[in-house]
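Peer 1: Give me a 3D structure for the following:
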Amino acid sequence: GEIRVIAIARDKAGLFFGQVLRFKNKLGHWRTWLCQYAY
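Peer 2: Numbers count the residues shown, from 1 in each chain. Now for the predicted structure:
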């Protein structure tokens with residue numbers, strides 16, 4: 001019922017936020033890597 005829908009929504013939100021965080025971490029790594037080679 002409702003609880004199951006909430007659990008699925010929470011899982012999808014968790015996966016989404018996990019991907020966003022991983023993407024931000026990758027961007028951060030790229031930024032530091034680019035800065036190292038830019039200077």
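
Peer 1: same question for stretch 9-20, mean pLDDT?
Peer 2: Average pLDDT, stretch 9-20: 96.

Peer 1: how far out from the middle of the chain is stretch 13-30?
Peer 2: For stretch 13-30, the separation from the chain centroid amounts to 2 Å (computed by CA atoms, centre = their mean, to the nearest Å).

Peer 1: Same question for stretch 2-17.
Peer 2: Offset of stretch 2-17 from its chain centre (CA atoms, centre = their mean): 16 Å.

Peer 1: Kindly report the same for stretch 25-37.
Peer 2: Computed by CA atoms, centre = their mean, the chain-centroid distance of stretch 25-37 equals 16 Å.

Peer 1: now stretch 23-39
Peer 2: 16 Å.

Peer 1: Only the buried residues of that stretch, if you could.
Peer 2: For stretch 23-39, a neighbour-count test (16 or more other CB atoms under 10 Å) marks nothing as buried. Bear in mind the C-beta positions are built from the backbone N, C-alpha and C, glycine included.

Peer 1: Output that stretch as PDB, nothing but the C-alphas.
Peer 2: What follows is stretch 23-39 as a C-alpha-only set of coordinates in PDB (Å, rounded to 0.1, in the frame of the first residue of the first chain):
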ATOM      1  CA  PHE A  23      28.700  13.400 -10.100                       C
ATOM      2  CA  LYS A  24      29.700  16.300  -7.900                       C
ATOM      3  CA  ASN A  25      32.600  14.400  -6.500                       C
ATOM      4  CA  LYS A  26      33.800  13.600 -10.100                       C
ATOM      5  CA  LEU A  27      33.400  17.300 -11.000                       C
ATOM      6  CA  GLY A  28      35.500  18.200  -8.000                       C
ATOM      7  CA  HIS A  29      38.200  15.800  -8.900                       C
ATOM      8  CA  TRP A  30      38.200  17.100 -12.500                       C
ATOM      9  CA  ARG A  31      38.400  20.700 -11.200                       C
ATOM     10  CA  THR A  32      41.400  19.900  -9.000                       C
ATOM     11  CA  TRP A  33      43.000  17.900 -11.800                       C
ATOM     12  CA  LEU A  34      42.500  20.700 -14.300                       C
ATOM     13  CA  CYS A  35      43.800  23.300 -11.800                       C
ATOM     14  CA  GLN A  36      46.900  21.200 -11.200                       C
ATOM     15  CA  TYR A  37      47.700  21.100 -14.900                       C
ATOM     16  CA  ALA A  38      46.500  24.600 -15.600                       C
ATOM     17  CA  TYR A  39      49.200  26.200 -13.400                       C
END
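
Peer 1: Good, wrapping up.
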